[in-house]
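Q: Pasting the sequence and the predicted model now:
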Amino acid sequence: MFDPKHTCLVVVGAQWGDEGKGKLVDVLAERADHVVRYQGGANAGHTVDLGATSFVLHQIPSGILHERTTCLIGNGVVLDPEQLFAEIDEVKAKGVKVDGRLFISDRAHLVLPYHKLLDRAAEASQQIGTTGRGIGPTYEAKTGRRGLRVADLRDLSRARALLTEAVARANQTLELLGVADRVSLDEHVKLLERLAPKLLPVATDTGRIVFRALKEGKRVLLEGAQGALLDVDHGTYPFVTSSNTTAGGACTGAGIGPTYIDGVLGVVKAYTTRVGNGPLPTEADTENEERLRKLGHEFGATTGRPRRCGWFDAMVVRYSVRVNGLTGLAVTKLDVLDTFAEIPVGVSYTGADGKPCEGMPADVETLGQVKPVYERLPGWQKDTSAARKLADLPPAARAYLDRLQDLSEAPIRYVSVGTRRDQIIEV
Ligand code: GDP
Ligand code: IMO
Ligand code: MG
């Protein structure tokens with residue numbers, strides 16, 4: 001999708017996350033100068049399979065495996081610094097050079113141990129099924145204008161004052177939630193004192209780096225986390241994450257305006273999965289769900305939880321095309337459907353009143369009651385994992401993709417037929 005006129009591309013998840021964004025970013029990063037993560041945090045788990053080794057990246061952008069790419073963590077990310085350094089050590093141990101290639105926005109908010117404790121405490125009553133990585137409480141503090149940012153580490157007395165307030169508030173909240181654990185100010189101060197000398201040398205105005213790169217005609221890839229239906233505005237609220245996962249979040253989270261963006265690639269599985277609670281209209285019956293989970297290895301890359309599985313939902317993807325302004329689709333995991341004789345595809349919803357739904361219902365109660373209308377497409381029952389061009393695919397697989405494209409109202413630009421980097425078809 002990169003060409004001289006398209007130098008700034010966004011890659012987003014167009015369903016409920018885990019669509020294969022890591023794989024697509026890795027594939028596209030071969031031609032990118034910069035890769036930027038712009039929202040979410042260590043709740044993400046992006047898998048990149050190089051064949052000999054495989055990586056699950058949580059905060060490091062998925063461009064890190066191409067040596068000439070510079071990776072940036074933008075201001076919109078909530079950064080867990082301890083996790084980040086652990087992740088850096090892990091990728092370095094696998095032979096990846098990181099020093100001088102990874103920079104962090106000094107405007108990014110910090111996820112600290114008390115955020116994780118609050119996240120888990122809130123789960124007892126809210127039951128969103130969060131990843132427990134402290135994402136919600138950190139974004140709450142950010143919009144509440146009392147967060148701690150990377151830049152605050154430049155003045156540790158100021159950071160200490162902010163922490164004093166934050167720890168007191170966290171302890172009040174824990175008491176209100178009826179949780180016995182308490183947070184220690186001292187431990188948090190010590191943590192920041194330890195982290196500051198490691199974090200500050202790589203902290204900078206990453207938005208400016210992106211802007212200058214684009215002015216010089218360089219190629220920039222903006223890597224989204226989660227998926228459109230987990231967006232705090234557009235997703236299945238309240239069963240969502242706490243950031244704007246849709247393409248608009250790429251502007252605010254990377255620090256460039258919308259006029260710089262040349263294209264948005266939406267990654268979708270050839271079927272649908274979701275991890276955590278909330279409605280999933282095309283969820284399959286137990287037998288098919290287990291079959292999809294087994295064939296697709298559908299277990300969370302961050303928490304190891306089994307993912308809920310179902311059929312492709314064209315209502316979801318059409319909605320995603322709108323809220324993201326998708327200019328192309330990457331359909332992943334086509335190979336997972338190789339053995340099915342017949343494949344249902346959800347084309348529309350019928351509401352509880354028996355009438356067709358015009359669009360995506362705003363509330364989860366209504367969405368939870370819709371009945372998907374299915375079309376049953378013939379399977380191909382052949383191995384697709386060695387296909388490298390559309391012509392290599394069985395006719396029924398091509399017909400399946402054509403139908404997904406028509407229903408989604410966006411052109412398919414990539415088809416992925418296996419976990420590895422080389423298992424990709426550029427359309
Ligand atoms: P992300 O969060 O969107 O980056 O996706 P995850 O990495 O959490 O989950 C996607 C999973 O599917 C990973 O285990 C990938 O290795 C795997 N995967 C990606 N593309 C394909 C594909 O085309 N076929 C198969 N079989 N697996 C894939
Ligand atoms: P990637 O980037 C799938 C889900 C959680 C939960 C909800 C809120 O790998 O696609 P949070 O911890 O963010 O407050 O949890 O969002 N969730 C994801 N599901 N993939 C992800 O990331 C997710 N990140 C969060 O399961 O339902
Ligand atoms: Mg994932």
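A: Looks like it came in fine. Ligands and ions are numbered 1, 2, ... in the order given.
Q: burial of Leu162, as a residue count?
A: 18 (other Cβ atoms under 10 Å). (Each C-beta comes from the backbone N, C-alpha and C, glycine too.)
Q: Looks to me like it is in a strand.
A: No: under DSSP: H, G, I helix; E, B strand; the rest coil, Leu162 falls outside any strand and is assigned helix.
Q: just checking, it touches Arg146?
A: Yes: under the criterion of Cβ atoms under 8 Å, Leu162 makes contact with Arg146 at 7.3 Å.
Q: Please write out the alpha-carbon positions of stretch 200-214 in CSV.
A: What follows is stretch 200-214, C-alpha atoms only, in CSV (Å, rounded to 0.1, in the frame of the first residue of the first chain):
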residue,chain,number,x,y,z
LEU,A,200,14.7,9.6,30.0
PRO,A,201,17.5,8.9,27.5
VAL,A,202,14.9,7.6,25.0
ALA,A,203,12.1,10.0,25.8
THR,A,204,11.4,12.7,23.2
ASP,A,205,8.8,14.5,21.1
THR,A,206,7.9,11.5,18.9
GLY,A,207,5.2,13.4,17.0
ARG,A,208,7.9,15.8,15.8
ILE,A,209,10.0,12.8,14.5
VAL,A,210,7.0,11.5,12.6
PHE,A,211,6.2,15.0,11.1
ARG,A,212,9.8,15.5,10.0
ALA,A,213,10.0,12.0,8.5
LEU,A,214,6.8,12.7,6.5
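Q: Please tell me how far the residue nearest the centre of the chain sits from Lys5.
A: With distances taken as Cα atoms, centre = their mean, Ala225 lies nearest the centre of the chain, 1.9 Å away. Here Ala225 is placed at a distance of 27 Å from Lys5 (Cβ to Cβ, to the nearest Å).
Q: Sheet partners, orientation included, of the helix or strand Leu72 falls within?
A: Using DSSP states H and E, Leu72 sits within strand 70-73. Strand pairing for strand 70-73, determined by DSSP bridges: strand 34-37 (parallel), strand 102-105 (parallel).
Q: What parts of the stretch 1-150 of the chain come near ligand 3?
A: When proximity is defined as Cβ under 5 Å from the ion, the stretch 1-150 of the chain approaches ligand 3 at Asp18, Gly45.
Q: ranges for the helices of the stretch 1-150 of the chain?
A: With DSSP state H, counting those that start in this stretch as the criterion, the stretch 1-150 of the chain has helices at 21-29, 81-93, 113-126, 135-143.
Q: Name the residue of the protein that lies nearest to ligand 2.
A: Gly276 (2.0 Å; Cβ to the nearest ligand atom).
Q: ok, the strand holding Leu72 near ligand 2 or not?
A: No: Strand 70-73 stays clear of ligand 2 (Cβ under 6 Å from any ligand atom), getting no nearer than 13.9 Å.
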